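> What shape does this take:
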Amino acid sequence: LGPLNHFSIVCLFFSLQSSLKLPSKTIMATPNPQQELLTKTVAAFKRAAAPPSVTGAAFLESTDALTKFFINFSQRDLTRMVSRKYMQCFASFADGPTTSFPLPLDMEGVTNFAINQSGRKVALARTVVPKDGNKDKAEVFVEIWADGVLARTIKAAGKHGPVYDSENVFAGFKWCSDDRRVVYAAEKHEPEVVGFFDPPKPGGNSSSETVAPPQPGSKHVRRESWGEGFPSCYTPVVVILDTESEEFAFPLSTRADENVSWGSPTWTPDGSGLVVVGWPYEHRKLGVKFCLNRPSVVYHVALDPHLVLQLSAPSAAARAPLFSPGGSSLVWIENAVGGPHAAGSRLVRCVWPSVAANAVVAPVVAVAQGADDLGVYGTKLPAQCFASETTLVFTTYFRSTRVAVLVDLEAATITRMQVAAAATPTPHPLSTPTPAALPAGLQSGPLPLDGVVDVLVVSGSRALVVVSSPAAPPVPCLGHISGTTLTLTPLAPPTLVPELLFDVLPFTDEHDWEAIVIEQAAPAASRASRALVVVPHGGPHSAFALEYVASFVALASLGHVVLLVNYRGSLSFGQRSIDSLPGRVGLHDVADVDKAATAVLAAGRADPARVCVFGGSHGGFLGAHLTGQHPGRYRAAILRNPVIDIAAMAGITDIPDWCFVEAGLPYDTAVAAAALGPDTFAAMHRCSPVAHAAAVVAPTLVMLGGQDLRVPPSQGLLWANMLRARGVCVRVQWYPEEGHALASLPCEADCFASMALWINDHVAPRVAAQSQDQ
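From the prediction side, this is the model:
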């Protein structure tokens, strides 16, 4: 595969394996070990990637007798190499089983949507790409559906740009209580850009758009976006659309000199105004994705007369405002401004409409040890998470898992919910697939309550929940809330990967931390010959959880031991642990990852001569460090968009503050305006893998996204060039259209196959390696 276009070969192989009925070996004239290995690798990924993931849900109607709801899914289509989005609707009767509609609804092109309080009207934003595939000419429409029928399609051309999807920090989409107006966040419409020498269009500017005419010379003026993940998010605006008159209003029209971006809109309970979030910025826009420390303020916007009132403290990073069902409380979550990008959050309550002094209902947890040490960790609350006027149910991280918690606003308490499986309901032909409907290679199993519990949406005593584990794909469930107990009824047959086991290894070094091991069940004698794939997470202030991840499942299914390390500084072990890492990156985190690997090897669970490391972003930073600081242990490395030289990254990343904070240095406006001094440069260099490059001998596969704004690809290229100059085996996988996450399905599939083959080539079993040499 070396001299050929590797990306094209792997993608073609995935597609052929998905479409051909005959096994690939019948096409081969003679057995080929490399071909057989690729066939096995593709089969492992296809099996692991087959189950759909749940991306959202909402209740349509909820009464004592009947509950109607829908769930959004995303599923990999390895034949077309695209991720498919679809919606499935359900009806649950109090005296009978839950029934699903047999035909899912295609959600392609839908970026966001909202359902009114009665559940009978849906507003959705759809982006339509022309037949020639030119996304630059895509059009935006808002569709209004009533009682399942398309009532109106409203063209947004000339009014605003694309409507932000639910993954966007600025996103929001809500019906007003009058069932006539909707509010949402979208990209501001900008005038056409032209060059100095572009000829005028025939007919002149005949557009009816209420925007300024094109400015000569504007064609190549750079517009600053909100960074990685949102490269086309330049100027967010809040839009109010009257769905009957089809009139658009912009209550917070953004001027270039305001230096505030608006988003996360929701209606006040009486519909007379909005609650929004404003993100101020000074000299530049710093990346906001996964950065919970950016200054952001919750505002109340009265519409008539127009008045803007600040609700949250200006010194906090507030987000995700949400009203209680009766409108008596407004809640949001907030972080401290500055410092680590992700940390423990506070849950804040504002009594409405008096907007009296805000009260912190759930404070930041210093140390997460016992079951009562529960904090709020996450980017936002579910759009519906109130079980009553004064209680919320949502998911938070706790150590190496995610748990459902109940927050009492009056008592200011947060309690972990007890989760149990309901008695098996009477089977129904529309909701219970036959055994043949199970994905190949999976078996029926129990509800995976030993993994993560993700609460999607809550309505009174009912909840829609997803559970999964490292050995069990996601299972959507209908939940019943009774006190602090959450009882789950699966909406699809629970399955499991039958050969996989997992467990959690606890450690204590000044602070608690953990590691997750995923492996095949095997006799003790054969366990000691397996390869160990060590995986530190990125961030560094994030965390692995006991959930289903296709690439980890596929690696373990190929016979490797997968070790996921939540080192000191990981998100969900308390604020003291988080604060202990800045200034010690490259030391504490490296030591913890290596200690976890040592523990697995000492237990005889893998071969000490077959250890490799795989990581992305800060995980790639640690992978490079490990091969430099422990060159005798790590025989190969796979690094995805790795941080290599913090000092070199500081001036070109969308998060320059990260470079200072994690190196233990202060960051402010004055620092941002100055060049790196020798002391700053030296401190960043000491923390960086580049300081240990001379010791690296491990063959290294570097995977880079050409559009990465967070860790620009020059970082990975620097590492590859340094290792090549020393004679180290290096290969660079270049994905020109990918960003930091390397997330598109063709890229994901190619990255997995490349990684699996790299492990086999450089950390292969001795017997297999010998047979290939012969």
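> Could you point out which residue ranges in the chain have low pLDDT?
By pLDDT under 70, the weakly predicted segments of the chain are 1-31, 96-97, 101-106, 203-212, 254-257, 424-438, 764-774.
> Spatially central residue for it, please.
residue 167 (8.0 Å; CA atoms, centre = their mean).
> ok, now which ones touch it?
residue 229 (CB atoms under 8 Å, 6 or more residues apart in numbering). C-betas here are computed from N, CA, C, even on glycine.
> can you tell me the helix or strand for it?
Assigned by DSSP states H and E, residue 167 belongs to no helix or strand.
> Ok, residue 563 next?
Element membership for residue 563, per DSSP H and E: strand 561-566.
> quick check, distance from that strand to the centre of its chain.
19 Å (CA atoms, centre = their mean, to the nearest Å).
> Then stretch 379-391?
Taking CA atoms, centre = their mean, one finds stretch 379-391 lying 20 Å from the centre of the chain it belongs to.
> Quick one: end-to-end length of that stretch, please.
Start-to-end span of stretch 379-391 (CA to CA, to the nearest Å) is 20 Å.
> who touches it?
58-59, 169, 290, 292, 319-320, 322, 324-326, 328-329, 331, 333, 392-394, 406-410, 455-461, 463, 481.
> Can you select the buried ones among the residues you listed for me in ChimeraX?
Selection of buried members from the contacts of stretch 379-391 for ChimeraX, criterion 16 or more other CB atoms under 10 Å:
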select :58,59,169,290,292,319,320,322,324,329,331,333,392,393,394,406,407,408,409,455,456,457,458,459,463,481
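> tell me the contacts of residue 347?
Taking CB under 8 Å, 6+ apart, we find residue 347 in contact with 331, 332, 333, 360, 361, 362, 376, 407, 414.
> Narrow the contacts of stretch 379-391 to those in strands?
Residues of the contacts of stretch 379-391 located in strands (DSSP state E): 58-59, 319-320, 322, 329, 331, 333, 392-394, 406-408, 455-459, 463, 481.
> Just want the phi and psi numbers for residue 726.
Backbone torsions for residue 726, taken as degrees, to the nearest 10, come to phi -100, psi 10.
> what residues are up against it?
Residue 726 neighbours (CB under 8 Å, 6+ apart): 693, 694, 696.
> and residue 365, that's in a helix?
No. Counting by DSSP: H, G, I helix; E, B strand; the rest coil, one finds residue 365 to be coil, located in no helix.
> how many neighbours does it have?
When neighbours are counted by other CB atoms under 10 Å, residue 365 registers 22.
> Now do it against residue 377, distance only.
Separation of residue 365 from residue 377 (CB to CB, to the nearest Å) stands at 9 Å.
> Please enumerate the helices of the stretch 601-750 of the chain.
Assigned by DSSP state H, counting those that start in this stretch, the stretch 601-750 of the chain shows helices spanning 618-629, 646-649, 656-662, 669-673, 678-687, 714-725, 745-762.
> Run through who's touching stretch 587-604.
Residues from elsewhere that reach stretch 587-604 (CB under 8 Å, 6+ apart): 505, 507, 509, 513, 515, 517, 524, 527-528, 532, 534, 536, 540, 561, 563, 565, 567-569, 580-581, 606, 608, 611, 613, 618, 622, 625-626, 629-630, 633.
> Please pick the buried ones from the residues you listed.
For the contacts of stretch 587-604, a burial check counting by 16+ other CB under 10 Å picks out 505, 507, 513, 515, 517, 527-528, 532, 534, 536, 540, 561, 563, 565, 567-569, 580-581, 606, 608, 611, 613, 618, 622, 625-626, 629-630, 633.
> For residue 690, list the residues it contacts.
By CB under 8 Å, 6+ apart, the neighbours of residue 690 are 644, 645, 718, 719, 722.
> With residue 292 instead?
317, 319, 335, 341, 342, 343, 345, 379.
> ok, the fifth one to residue 379 distance?
Yep, that's residue 342 we're talking about. 9 Å.
> what about these two, which has more around it?
For residue 342 and residue 379, the more surrounded residue by other CB under 10 Å is residue 342, and the numbers stand at 22 against 15.
> Please report phi then psi for the residue nearest to that one when sequence neighbours are not counted.
For residue 342, ignoring the flanking residues on the chain, the nearest one in space by CB to CB, 6 or more residues apart in numbering is residue 541 at 4.3 Å. The phi and psi values for residue 541, taken as degrees, to the nearest 10, are phi -90, psi 60.
> was I right about residue 541 contacting residue 580?
No. In this structure, residue 541 is not within contact of residue 580 by CB atoms under 8 Å, at 10.8 Å.
> could you pull out the helices for this protein?
6-19, 33-49, 524-527, 550-557, 575-580, 588-602, 618-629, 646-649, 656-662, 669-673, 678-687, 714-725, 745-762, 766-773 (DSSP state H).
> I'd like to know how many residues surround residue 258.
For residue 258, using other CB under 10 Å, the count is 12.
> Likewise for residue 92?
21.
> next one: residue 388
Neighbour tally, residue 388, other CB under 10 Å: 16.
> And the one 3 residues further on, by the same measure?
Burial of residue 391 is recorded as 21 neighbouring residues (other CB under 10 Å).
> Same check on residue 707?
14.
> I'd like the distance between it and residue 165.
Remark: distance between residue 707 and residue 165 (CB to CB) = 18 Å.
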